[in-house]
Every structure is written in C-alpha cells, then in structure tokens.
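> attaching a predicted model along with its sequence, questions to come.
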Amino acid sequence: MKKAAIAAIAALGLTVALDAAAQAKPEDLVKQRKAAFTLTAKYFGPIGAMVQGKAPYDAAIVTRNAGFLETLSKMPWDGFQASTADVKETRAKPEIYKEGDKFKASADKMQAEIVKLAAAAKSGDQNAVKAAFGAVGQSCKACHDAYRRD
Amino acid sequence: MSQSKHAIKIWDVPVRLFHWTLLALFAFLFWSGKTGGNAMVWHMYAGYAVLALVIFRVLWGFAGSTHARFASFLAGPRRMFDFARALLSRSPAHSVGHNPLGGWMVVVLLGSLALQASTGLFANDDIATEGPLTALISKELSDRLTTIHRWNFDFLLICAGLHVLAVLFHVFVKKENLVAAMFTGVKKFDGEVVGSKGSAVRFANSWLALGLFVLALVAVYLIVKRPF
Ligand code: HEM
C-alpha cells in the first residue's frame, strides 16, 4: 500500500517534471540551447589553437576542456522542441522537426567524435588530439551546413 | 580544323600559369571550405594565394602582354553590339583573344574572387576558425560577411559553370582549340578573324610578371599579418 502510494506520487512527480519540460517557453529553450553551443565553442576553440600551433600546447587545459565538452555535447538537444520552430531569434532550420532521425544522427556523430577527442587528450598524444579535433570540427560543420540557416 | 590558316600565340606564360593555378586552388578551396576541421588551416592559406593571384592579375591587366590587358578585351557598346549580331547571324567570326562577352566575364570572375577572398578574411565558422581580420569587427558584421562568403561562392560556381559551357561551345560548335590554347598559348584559326589580327601582339617580360606577383604576395602578407 505504502509502496504503491510512493510509486504513484513518484509517477505524478515525473509527469509534472516532464510537463514542465514540454511547457518550457520556446524562447527559453532557444536561449538555453544557444548557451550550450556557445560554451561548446568556448572550450573547443582553444584546443584548435594549440594543435594548429597558434598557442603553446598545454595538456592540462586540453584534457580539462575535452572533459567539459563531453558533458556540454549532451546538452543542446532537448532544447530542440517543435514548439521552438516559430521563435524569431533562431537560426535552426524547421527541417530539424521533420527529420528528427537525421538530426539526431548528426548530433550522435558529434558526441562520438568528442568522446574520441577526450580519449586522445588523456593519452597525451598530440597528433591523435589534432586528428580528433579535426573530426569533431567536421561533425559540427556537417550539422550546421544541413540544419542551420544563414 | 584540318587546315589552319593561322596559328597565333596569344596567351603569355603568366596568364597561363595564373589560369591553371587558380583552377587548382579554387577546387581545393571548394573542398576544404565544405569539409571544415583541420582543412580550414589550408583553406585560409589557399585563400591568401588566390587573393595574391587576383591582385597580380589586375596589375597584369595593365602591364601585361596585349591579350592580357583589360584595354584589349573590355569591349564598348559598339563591339558588344557587333558581336551580338554576329552571334545571332551565326557567322563564324573568331576573336583572337577574349571575345567581348568573355572579356567582361574575366572582370566578373576577378571581381567576385576578390569579394570571396576579402570576405573570407573577416569570416568565422562558429566552430574554431576565423579569418585574420575577424577580431577587428563585431560578431554581427562577421556573420554577415560570412553569409556573403557562402552566397558569393554559389555565384562563383555558377560563373565557373557558364565559363566552362562557353568554352565547350567554342570547342565543339565553333571548333576552336581554346583549352589547348590555354596550355600552349597558341590559338589556331581557319576562318575570319575579328579584333586584333595577331600581328600586333606584344609580349611582356615574364620577369616583370614575377616581380608583380611578389609585390602582390607582399601586399597580402601585410594585410594578413598587419605588422604595423
Ligand atoms: C577566393 C578564395 C576563397 C574561396 C573560393 C572560398 C570558398 C569557400 C567555401 C566554398 C566555403 C564553404 C561555405 C559553405 O559551407 O557553404 C568557405 C568557407 C569558409 N571560408 Fe573560404 N574561400 C576563399 C577564401 C577564404 C579566405 C581568404 C578565408 C580566410 C582567411 C576564408 C575563410 C573561410 C571560413 C572561416 C569559412 C567557414 C564559413 C562557414 O563554415 O560558415 N576563405 N570558403
């Protein structure tokens, strides 16, 4: 009885939480997903400067940034709700909500490349970091070219 | 094509080198720009090279050999009109250098290549690449110039497509060996020739071309590195 009550309350709580997510203001979702992308670029860029020889290589920063990126790369996606299609301040193409599978595949690809980047950073092999950096950059670009307008 | 009445050397070595180097760089810029990642480092270097080539070609348009000069191939309304009439009447007139339409196409191509390279200097990809001058302007302006960089490239592709179609037309319909001429410099004619008759072709010194190209490279270096 008690167990059932707890389960019911938990289920109710979960429903409320899910509802809250679904009812988040579209403008906020857009703002939040952009914020996630902004931070992604913030921690990604310096790795590029280091592997391309524009800044001295600092293994500690590369490892730290790659770790941040692993978490950040999971964040933008729940912000892409169909409700945001009409928001003005967005460059996301409406196709995202029609081709959900393809968009998700593109997001998965980027996350997989970031996992490899983090592994390379831990190994300390600069050439591996450089190759992994390039692959991540290509995965960002592929999605932007397909799902982000000018 | 069998019995060529004249074979005239029209393109100097600098023009031919310019043409094929530009083609190779353009193909590489196309690929690297669309791919991103580590290729962007080389995209930027290749872009600088194109900028230097375009600056050189403009200088050569004033100081080069006869058929490299703007004055020789930029036709006024009168020649454009005659040319259009000849086209419509399908009379097989041959131009020695660029025909009037081709001459103006050179200007369009050089102009949009210059626009492409100079917007690239201020571009950003929101990932990890930005041009050497992007930091000097606002993010909004850089985004707008990046958009021009993308759209103008599509325009360049269309122009390049028209350019190739026109050449194919000359090779297969008018039976002129334009492609070979851009390798060897020599164009063969077996019909009536309009424009300069070839006797007046003057070739400029290739060392002058090298000097002008080095000058262009220095100019690009100064723009990119801004040592002052
Ligand atoms: C005339 C020479 C150039 C050509 C033909 C060219 C061509 C291209 C192409 C085809 C793209 C891909 C656009 C797309 O994704 O649709 C691109 C992107 C880009 N180019 Fe260039 N480019 C040139 C010069 C430059 C220069 C000189 C720079 C900077 C130094 C530059 C910086 C960039 C950047 C940062 C991007 C990424 C833009 C994005 O992904 O949104 N380009 N370029």
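Now that the structure is in, tell me what you want to look at.
> what does stretch A:41-59 contact?
A:61-62, A:65-66, A:68-69, A:72, A:117, A:121, A:124, A:126, A:129-130, A:133, A:136-137, A:140, B:38, B:41, B:126-129 (CB atoms under 8 Å, 6 or more residues apart in numbering or on different chains). Just so you know, the C-beta spots here come from the backbone N, C-alpha and C atoms, and that holds for glycine as well.
> keep these, but drop any that are not near the ligand.
Filtering these for neighbours of the ligand using CB under 6 Å from any ligand atom leaves B:Thr129.
> show the residue spans covered by the strands in chain B.
Using DSSP state E, the strands of chain B run over B:6-9, B:94-95, B:186-189, B:193-194.
> pairing partners for the first one, with directions?
Translated: strand B:6-9. Here strand B:6-9 is paired, per DSSP bridges, with strand B:186-189 (antiparallel).
> re the thing from before, type out the PyMOL command that picks the buried ones from the contacts of stretch A:41-59.
Entered in PyMOL, the line below selects the buried ones among the contacts of stretch A:41-59, by 16 or more other CB atoms under 10 Å in any protein chain shown:
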select buried, (chain A and resi 62+65+66+69+72+117+121+129+130+133+136+137+140) or (chain B and resi 38+41+126+127+128+129)
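> before we move on, the earlier item: highest mean neighbour count out of the strands of chain B?
strand B:94-95 (a mean of 22; mean count of other CB atoms under 10 Å in any protein chain shown).
> what is it packed up against?
Under the contact criterion of 3 or more CB pairs under 8 Å, 6 or more residues apart in numbering or on different chains; DSSP states H and E, strand B:94-95 touches strand B:193-194.
> at 6 Å what do you get?
Applying 3 or more CB pairs under 6 Å, 6 or more residues apart in numbering or on different chains; DSSP states H and E, we find strand B:94-95 packed against no helix or strand.
> mind listing what that strand pairs with, with the direction of each?
strand B:193-194 (parallel).
> burial of the residue lying closest to B:Trp42 once chain neighbours are set aside, as a residue count?
The shortest distance from B:Trp42 to any non-neighbouring residue, by CB to CB, 6 or more residues apart in numbering or on different chains, is to B:Ser32 (5.8 Å). Counted with other CB atoms under 10 Å in any protein chain shown, residues neighbouring B:Ser32 total 20.
> which residues touch B:Ser32?
B:Ser32 makes contact with B:Ala39, B:Trp42, B:His43 under the criterion CB atoms under 6 Å, 6 or more residues apart in numbering or on different chains.
> need the per-residue pLDDT for the first one.
According to the model's per-residue confidence, B:Ala39 sits at a pLDDT of 97.
> do you know how far it is from chain A?
8 Å (CB to the nearest CB, to the nearest Å).
> and that residue, how many neighbours?
21.
> follow-up on the earlier one: just the ones of the contacts of stretch A:41-59 in helices?
A:61-62, A:65-66, A:68-69, A:72, A:117, A:121, A:126, A:129-130, A:133, A:136-137, A:140, B:41 (DSSP state H).
> residues touching B:Ile148, list them.
B:Ile148 neighbours (CB under 6 Å, 6+ apart): B:Thr119.
> what about 8 Å?
B:Leu115, B:Thr119.
> distance-wise, check A:Gly137 relative to A:Asp125.
18 Å (CB to CB, to the nearest Å).
> same check on B:Thr129?
From B:Thr129 to A:Asp125 the distance is 23 Å (CB to CB).
> same question for B:Lys187.
Taking CB to CB, one finds B:Lys187 at 56 Å from A:Asp125.
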